[in-house]
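Trainee: just coords:
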């Protein structure tokens, strides 16, 4: 039957700033949403189409499955049809769990478990000899035992009485490792006597005579002269034919190879790959300070302050200065800090005390704040049990070990996988895994084309940058083989150079040609021109946006760029010699100070490692970097800005994040009417017990539990959605009420409010960055990617500081050309204040604007 729909019909979309729009998105096509940041692209694509599609998809599941899902709220839209199964690419990395690895996220770990289970065997890790089923007695005796030695075989008295039906009592028994004449009360009773030279041949015969051939209890083997005393469990097992070492764990299911399984997981780190240990860097956060000035930061905690003076006295007794920087003191300082001396108990005693009190919540929080993750010494990050050290696939030419395979970076993995496929074709069960290997190979090729070949399959997902996380997830989505689904991507080109974008477009078109619908929120002209249709939102941002101003074929991009004055004469260079790059190679580079430098290059070029991570570490402790860094300036601060989303709560707003809400509360609390009522600033905060509405607790909505149906959110009847007690929210200053001031654009809210110089700087910066349309009460979670990026930038550099080094990653994320020009104008102001700016970004316009360009291949 022919599908009656040719488009996804969206009617009456009113989410955030969308103005009741109607729009049709072509099915089976690739459509691009473009427009200024804050114009409603994210509201339409994610908060309306994706959210409603996901909600209806989850609601189609049975209740027992649906129970474990976080079901989205109903989108503010009249109608969407048809509703397709939906997949989305997030703007940031939301993963906070310590266990998931990159291989898990890409879906490779489980598929490779099946490959290795069907094609592999467990081997002795020392000799790479397959464990073979054999009798327990094979090579059980030590090599140095004399062949003429007489061996006495004993079993427990309980086993003897149970298994020996004849009722004949033995001649010998064992008492405290001594062979004696039979005594009924002894625990061990003799069943056989054999010569060491014929032990392996005769033991089975003797046990069969006694009808003990199926006995699986413990046998004790003792020599007459006392040279041998062994306890051996009878029965068959798998052992190494070279060293007789028994197989530590028999693998009977592919899940036994999983780090999420009790058998496969490392027993030391419980399958996390990392262990938590007290971290010196958290105990001594400021090694540049002296001991007296607080270098040993843990002693500044209230719980430990009573021992500060005792620690000072201990340092003096050991001849160590309290005035010198901590890092210049001799190494014995650490032994003193940990073991203590005199009245100072030492860290070890402190830690023991804290562990004894960890049942208290605040103590657990303190302990975690003093610990860091370190590589597990047992599994070395593979998360696998030592019992799997020898598990692998053995071909005629080489061995492929399971623990090594899942710990490689993607480039190495791809090369090894190609050799494995070639050599595994002759193995017995290859046909069972041929399709899996083909899918894995295709996934790896996609990952390499997206520039993440330098990442390891064992890397923690929570440690990936926003760009890396997007590309890993994109790799998984582009491997989709089905049809009839909806894919919503937000800035999939984040961090990609032009060649990588070309490869991405090939994959997107392949996904479209399978019969899927693709909706892309993107500002890259390279992607826009490759789409079948373009929907442009605007005309402005916030209240000035939310409308569809164009829908149709891609239009020619604006040809002329805004001209910025660039700096040609530099005040010196920050020089780095021996910077670490990928694959253990090093290189040198230099960056002008008090200038704007753009760093470009392939995703795998190591830009982040060689620039951001290196210079951040150098700023903390210049002696800790392995290369030479020379600077003509002493930087006041080194600050890094990434595209990662800050961890915010549902109550985080623009006003609270930037600190502007404090000025508004202060203004209204000083009004005559407020003074007459003795109101304080807390009465104007819905996060305070003084001001928040007691019914909805400052949320503005109440949630109604509908049992087996979706919960329903209703506007609070008491505060009418204002979140505050109604009387406080409606206090006016002659121009506006407090509630109106919170919900107006910032530029209007502060038009008649006196502010400090700091607040004026923030407001001016918001105007320059085209953020004046935001309201103070706007939730950070509802901002678009570009708005969130610029708000984060303002939040981190709003205070006064001396000439600093500012490192930016993917600063163009979520920004249109107009937004990027506004951002660059702000960056130029920072340069004029004496700061040194380094932008790691692939946007072609930034290279045109910058003072200096550095390409890292």
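Mentor: In hand now; what should we look at? From a predicted model like this one, the values you see are computed outputs, not experimental measurements. Numbering: from 1, shown residues only.
Trainee: Would you check that residue 658 makes contact with residue 795?
Mentor: Yes. Contact criterion CB atoms under 8 Å: residue 658 and residue 795 qualify, at 5.8 Å. Glycine gets a C-beta too; all of them are placed from N, C-alpha and C.
Trainee: which of those two has more neighbours?
Mentor: residue 658 (22 against 15; other CB atoms under 10 Å).
Trainee: got the contact list for stretch 35-44?
Mentor: 10, 13, 15-18, 21, 23, 33-34, 91, 490, 521, 536-542, 545-547, 549, 770-771, 773-774, 783-787, 790, 814-816, 818-819 (CB atoms under 8 Å, 6 or more residues apart in numbering).
Trainee: Now do the contacts for residue 12.
Mentor: 20, 21, 22, 77, 78, 79.
Trainee: Please verify my assumption that the fifth one contacts residue 15.
Mentor: Think residue 78. No. Distance between residue 78 and residue 15: 11.5 Å, which falls outside the contact criterion (CB under 8 Å).
Trainee: which one of those two has more residues nearby?
Mentor: residue 15 (21 against 11).
Trainee: so the more buried one, which of the three states?
Mentor: Three-state assignment for residue 15 (DSSP: H, G, I helix; E, B strand; the rest coil): coil.
Trainee: who are the neighbours in contact with it?
Mentor: Counting by CB under 8 Å, 6+ apart, residue 15 has contacts 43, 44, 47, 48, 75, 76, 77.
Trainee: same question, residue 532
Mentor: 26, 29, 30, 31, 512.
Trainee: Excluding sequence neighbours, find me the nearest residue to the second one.
Mentor: Sequence neighbours aside, residue 532 is the residue nearest to residue 29 in space, at 4.1 Å (criterion: CB to CB, 6 or more residues apart in numbering).
Trainee: per-residue pLDDT, that neighbour?
Mentor: As predicted, residue 532 sits at a pLDDT of 94.
Trainee: The chain - how does it break down into domains?
Mentor: 7-95+466-552, 132-239, 274-375 (automatic domain parsing).
Trainee: For the ones you listed, which has the smallest mean pLDDT value?
Mentor: Averaging pLDDT over each of the domains of the chain puts domain 132-239 lowest, since it has a mean of 79.
Trainee: how far does that domain sit from the chain's center?
Mentor: Centre-to-centre, domain 132-239 and its host chain are 55 Å apart (CA atoms, centre = their mean, to the nearest Å).
Trainee: ok so, going back, among the contacts of residue 12, which one lies nearest to residue 397?
Mentor: Residue 397 lies nearest to residue 77 out of the contacts of residue 12, by CB to CB, at 59.7 Å.
Trainee: Let me see the backbone angles for the closest one.
Mentor: phi -150, psi 150 (degrees, to the nearest 10).
Trainee: Return the residues in contact with it.
Mentor: Contacts of residue 77 (CB under 8 Å, 6+ apart): 10, 11, 12, 13, 14, 15, 48, 52.
Trainee: Can you select the buried ones from these in ChimeraX?
Mentor: Buried members of these, defined by 16 or more other CB atoms under 10 Å, are picked up in ChimeraX with:
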select :10,13,14,15,48,52
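Trainee: Now render the contacts of residue 77 as TSV, adding distance to residue 517.
Mentor: Below are those laid out as TSV (distance: CB to CB, whole Å):
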residue	distance to residue 517
10	13
11	18
12	21
13	17
14	23
15	20
48	15
52	15
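Trainee: For residue 273, give me its contacts.
Mentor: 101, 259, 266, 375, 376, 379, 381, 382, 383, 458, 460.
Trainee: for these, which one is nearest residue 171?
Mentor: Nearest member of the contacts of residue 273 to residue 171, counting by CB to CB, is residue 266, at 49.1 Å.
Trainee: Flag every buried residue along stretch 17-33.
Mentor: In stretch 17-33, counting by 16+ other CB under 10 Å, buried: 17, 18, 21, 23, 25, 27, 28, 29, 30, 31, 32, 33.
Trainee: again with stretch 514-534
Mentor: 516-528, 530-531, 534.
Trainee: so which helix or strand takes in residue 674?
Mentor: Taking DSSP states H and E as the criterion, residue 674 maps to helix 672-676.
Trainee: Now do the buried residues in that helix.
Mentor: Those would be residue 674, for helix 672-676 by 16+ other CB under 10 Å.
Trainee: can you list the residues that contact it?
Mentor: Against helix 672-676 from outside (CB under 8 Å, 6+ apart): 668, 683, 731.
Trainee: what about the second one, distance to residue 649?
Mentor: For residue 683, the distance to residue 649 equals 22 Å [CB to CB, to the nearest Å].
Trainee: okay, the two: which has more neighbours?
Mentor: Ranked by neighbour count (other CB under 10 Å), residue 683 and residue 649 place residue 683 first, with 22 against 10.
Trainee: and the more buried one, what is it in contact with?
Mentor: Residue 683 neighbours (CB under 8 Å, 6+ apart): 669, 674, 690, 691, 725, 728.
Trainee: Now do the SS call for the most centrally placed residue in the chain.
Mentor: Geometric centre of the chain, nearest residue: residue 462, 0.5 Å, by CA atoms, centre = their mean. Put simply, residue 462 is helix when judged by three-state DSSP.
Trainee: From what I see, it and residue 96 are in contact.
Mentor: Yes. Using CB under 8 Å, residue 462 makes contact with residue 96 at a distance of 5.7 Å.
Trainee: Sort out which residues of the strand or helix carrying residue 617 are buried, please.
Mentor: With secondary structure defined by DSSP H and E, residue 617 is part of helix 614-620. In terms of neighbour count (16+ other CB under 10 Å), helix 614-620 has its buried residues at 614, 615, 618, 619.
Trainee: Does residue 629 belong to a helix, a strand or coil?
Mentor: Under three-state DSSP, residue 629 comes out as strand.
Trainee: Between the contacts of residue 683, identify the one with the most neighbours.
Mentor: residue 728 (25 neighbours).
Trainee: Please report how far that one lies from residue 717.
Mentor: Taken as CB to CB, the span from residue 728 to residue 717 is 17 Å.
Trainee: Tell me where the stretch 501-650 of the chain has helices.
Mentor: Assigned by DSSP state H, counting those that start in this stretch, the helices in the stretch 501-650 of the chain fall at 525-528, 607, 614-620.
Trainee: Packing partners of the shortest one?
Mentor: In this case it means helix 607. Using 3 or more CB pairs under 8 Å, 6 or more residues apart in numbering; DSSP states H and E as the contact criterion, helix 607 has no neighbours among helices and strands.
Trainee: Pull the distance from it to the chain's centre.
Mentor: That offset, for helix 607, works out to 20 Å (CA atoms, centre = their mean).
Trainee: Quick check: which ranges of the stretch 651-800 of the chain have low pLDDT?
Mentor: Applying pLDDT under 70 to the stretch 651-800 of the chain flags residues 707-710, 799.
Trainee: where exactly do the strands run in it?
Mentor: 701-704, 712-715 (DSSP state E, counting those that start in this stretch).
Trainee: Figure out which of those is closest to residue 147.
Mentor: Taking the strands of the stretch 651-800 of the chain one by one with CB to CB, strand 701-704 is closest: 82.0 Å.
Trainee: The residue lying closest to residue 624 once chain neighbours are set aside and residue 283, how far apart?
Mentor: In space, and not counting its chain neighbours, residue 624 is closest to residue 617: 5.9 Å by CB to CB, 6+ apart. In this structure, residue 617 and residue 283 are 18 Å apart, going by CB to CB.
Trainee: hey, which helix is longest across the chain?
Mentor: helix 430-449 (DSSP state H).
Trainee: Would you tell me what the next helix or strand after it is?
Mentor: helix 466-478.
Trainee: Going by contacts, tell me the helices and strands next to that following helix.
Mentor: Using 3+ CB pairs under 8 Å, 6+ apart: helix 466-478 touches strand 86-89, helix 102-105, helix 430-449, helix 498-513.
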